[in-house]
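A.B. asks: I need the structure of the sequence given here:
(chains A and B)
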Amino acid sequence: MLGAATKKQKRSDSEPGAETGRGEMSESRPTPATSTEAAAVPGRRAKTIEVRAVDLFYGDFQAVEGVTMTIEPNKVTALIGSSGCGKTTFLRSLNRMHELTPGARVQGEVTLDGEDIYDGRVDPVAVRRLIGMVFQQPNPFPTMSIYDNVAAGLNLNAKKVSKTQKDGVVERSLRGAHLWEEVKDRLDKPGGGLSGGQQQRLCIARAIAVEPEVLLMDEPCSALDPVATLAVEDLIAELKNRYTIVVVTHNMQQAARASDVTAFFNLDETGKPGHLVEMGPTEEIFTNPKKKETEDYVSGRFG
Amino acid sequence: MESSVQSLGQDGSSRLLASGLGWRRRAVNIVMTALIAGAFVLAMLPLFSLVFEVAKRGIPGLSLEFFTEDARGVVGGGGASHAIMGTLVITGVAAVISVPIGIMAAIYLNEYGTGRLRRALTFFVDVMTGIPSIVAGLFAYALFEIFFGPGIRLGVMGSVALSVLMTPIVIRSAEEVLKIVPDHLREASYALGTPKWKTITKIVLPTAFAGLVTGVMIAIARIVGETAPLLVTTGVVDSMNTDPFDGRMQNLAVYAYNEYRSPGVMKQAAYDKAWAAALTLIAIVMILNVAARLVYRRYKTEIR
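C.D. replies: Purely as a prediction, here's the structure:
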């Protein structure tokens, strides 16, 4: 069960990473707070996601059919494909966000380091603590300051975190998201006051503050200008050292630039479910794909 | 680019100016503007006339005594402090009953409810919104009669009657406000591994806070002047009573009604007091509305 793994993770984190403030932490605290110290520890273990024969439905409509893939740790996996081919739906099934849509269903198996995240005994909330998500539209909480946005995961989920500890997590996460220098003097200002690119990095900081093992990103740059996009891409390249990253993108150059592995989704025609056409090292997909379909897509000749 | 600019300058004609503003279009514009402005004035006239008339007739009845004295054992004199207090207590208790029920029901409808049950509840809330107020009064009376016997009159009965009227209004407005909290905020919260109830209490409700408060205040303003349900539940009384669970309780609307219906020997003084009570009620409603706006402006969350 996932809960057990969470505890194991907590212990393995706390051995090498002994730093400040550890004495204050109680045993019963849930993962995010406890493993925060690990944020500073390089080379923490990212996780592998195995997907086997996953079908995704919205009511009677099947959006995705028969996807099997392995998402490797410490790599950026890009999901590309035309609109409506189910990449975003698929991404959302990886941390059980898909089922939040009324009528949505999942068939098949998704495992995080061997554990089935759709096991009936698994709490979706626990899954989402380990598999974080960044959305297409930057969505900082409008009622909260920059500081509180980053600390939201701790405030919402942890039992009690000391102020100093929280300060540490906020600074580390903001530094991790390359935002610290820009906002350190106005942490108490609302997050909505930042520019779009800054807001997106704030959302990334918020996501990594809870120390997930996997980070899912749904077109994280589509609402950003090129400069902000580059900043986020740089950030992604750096984050992969610590996380397993899956990025949905419409931007082929972005996939080529920022990812190690690329998975191409397609659908035969509108109304039919999307499926995984081909997956492989990004370079190979873009220069020497195995399927003609893929080649047509990446070179801009569709259909 | 350059040449076209020149050609425009040279022959002095512009395609933008060529047609000019036709006289017909101008005329239609003037007529329509006048019609719309006229409709607005027509709609506003009764309002201003009403406020003006109530103020004109109500001000003579206002006095320090009106706000500080009750009407116990006096003939023609006395004040309406008992009615003002009664209105505040009855409405306050009604709000205490309605607001939690209403907001929780709205949370259910918007965050949890699905399918048929949800649709049925929405339908019944709509029906409840249309309940005639006297029916709410009779309902409350019948309810309390079961336990306390016929002829029972209590302040809290009025509150129950008013809350029957107020709850659906609160549900409706709270539901609307919760609806405009964007889903992406809920999802952002879930993606941090936050349970649903915490997402609602820590993200959705704070984001909707200003709108919820505004809705509640407007619901209060809507019921504060109810007369019929209170006539049959709280009764008529001349003396101050601050305990909603003990005996009859006066309120402004019933007070105004009663001063007019049985003015006694000093007719004009009674009429003046009725109007003063009406003016006070309007003032309360206005204060609530202004307060709602201020709260909204102060606490509203920028939602994109």
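A.B. asks: pLDDT below threshold where in the chain?
C.D. replies: Answering for chain A, as no chain was given. A:1-45, A:159, A:301-303 (pLDDT under 70).
A.B. asks: ah, I was thinking of chain B
C.D. replies: Using pLDDT under 70, chain B drops low at B:1-13, B:18-20, B:76, B:303-304.
A.B. asks: list the buried residues in the longest helix belonging to it.
C.D. replies: For chain B, the longest helix by residue count, based on DSSP state H, is helix B:23-58. For helix B:23-58, a neighbour-count test (16 or more other C-beta atoms under 10 Å in any protein chain shown) marks B:54, B:57-58 as buried. (C-beta placed from N, C-alpha, C; glycine too.)
A.B. asks: from the contact counts, what lies against that helix?
C.D. replies: helix B:267-299 (3 or more C-beta pairs under 8 Å, 6 or more residues apart in numbering or on different chains; DSSP states H and E).
A.B. asks: what angle separates the helix it packs on from helix B:23-58?
C.D. replies: 130 degrees (axes from the mean of the first three to the mean of the last three C-alpha atoms, to 10 degrees).
A.B. asks: A:Leu156 looks like it's in a helix, true?
C.D. replies: Yes - according to DSSP: H, G, I helix; E, B strand; the rest coil, A:Leu156 belongs to a helix.
A.B. asks: so what's it up against?
C.D. replies: Going by C-beta atoms under 8 Å, 6 or more residues apart in numbering or on different chains, A:Leu156 touches B:189, B:192, B:194, B:198-199, B:202-203.
A.B. asks: return only those of those found close to chain A.
C.D. replies: With C-beta under 8 Å from any C-beta of the partner chain as the criterion, these include B:189, B:192, B:194, B:198-199, B:202-203 near chain A.
A.B. asks: can you map out the helices along the stretch 1-150 of chain B?
C.D. replies: B:2-11, B:15-18, B:23-58, B:64-68, B:81-107, B:115-129, B:133-148 (DSSP state H, counting those that start in this stretch).
A.B. asks: which of the three states applies to A:Met217?
C.D. replies: strand.
A.B. asks: what is the neighbour count of the residue of chain B found nearest chain A?
C.D. replies: Residue nearest to chain A within chain B: B:Gly193 (3.0 Å; C-beta to the nearest C-beta). Residues lying near B:Gly193 (other C-beta atoms under 10 Å in any protein chain shown) number 25.
A.B. asks: isn't B:Ser173 right next to B:Ile218, touching?
C.D. replies: Yes - with contact defined as C-beta atoms under 8 Å, B:Ser173 counts as touching B:Ile218 (6.8 Å).
A.B. asks: neighbour count for the two, which is higher?
C.D. replies: Each of B:Ser173 and B:Ile218 has its neighbours counted (other C-beta under 10 Å); B:Ser173 has more, 21 against 17.
A.B. asks: with adjacent residues omitted, what lies nearest to the closest residue to chain B within the stretch 101-250 of chain A?
C.D. replies: Nearest residue of the stretch 101-250 of chain A to chain B: A:Arg129, at 3.0 Å (C-beta to the nearest C-beta). Using C-beta to C-beta, 6 or more residues apart in numbering or on different chains and skipping the chain neighbours, the partner closest in space to A:Arg129 is B:Gly193 (3.0 Å).
A.B. asks: same deal with B:Thr114?
C.D. replies: A:Pro102 (6.2 Å).
A.B. asks: wasn't that neighbour part of a helix?
C.D. replies: No - looking at A:Pro102 with three-state DSSP, it is coil, so not inside a helix.
A.B. asks: neighbours of it, just the number please.
C.D. replies: 9.
A.B. asks: same thing with B:Leu16?
C.D. replies: Neighbour number of B:Leu16 under other C-beta under 10 Å is 8.
A.B. asks: and what of A:Thr111?
C.D. replies: Counted with other C-beta under 10 Å, A:Thr111 comes out at 17.
A.B. asks: and if you look at A:Val169?
C.D. replies: 27.
A.B. asks: that's a strand at it, yeah?
C.D. replies: No - judged by three-state DSSP, A:Val169 forms no part of a strand; its state is helix.
A.B. asks: so how far is B:Leu279 from it?
C.D. replies: 58 Å (C-beta to C-beta, to the nearest Å).
A.B. asks: likewise A:Thr89?
C.D. replies: 61 Å.
A.B. asks: same thing with A:Lys160?
C.D. replies: In terms of C-beta to C-beta, A:Lys160 sits 54 Å off from B:Leu279.
A.B. asks: helix, strand or coil: sort out A:Thr111 for me.
C.D. replies: strand.
A.B. asks: ok, and the closest non-adjacent residue to it?
C.D. replies: A:Glu50 (4.6 Å).
A.B. asks: which residues does the one you found contact?
C.D. replies: Counting by C-beta under 8 Å, 6+ apart, A:Glu50 has contacts A:69-71, A:109-111, A:114.
A.B. asks: of the residues you listed, grab the buried ones for PyMOL.
C.D. replies: Here is the PyMOL command that selects the buried residues among those (16+ other C-beta under 10 Å):
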select buried, chain A and resi 69+71+110+111
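A.B. asks: out of the contacts of A:Glu50, what pair is the most spread apart?
C.D. replies: Spatially, the most separated pair among the contacts of A:Glu50 is A:Met69 and A:Gly114, at 15.5 Å (C-beta to C-beta).
A.B. asks: thanks again, I'm all set now.
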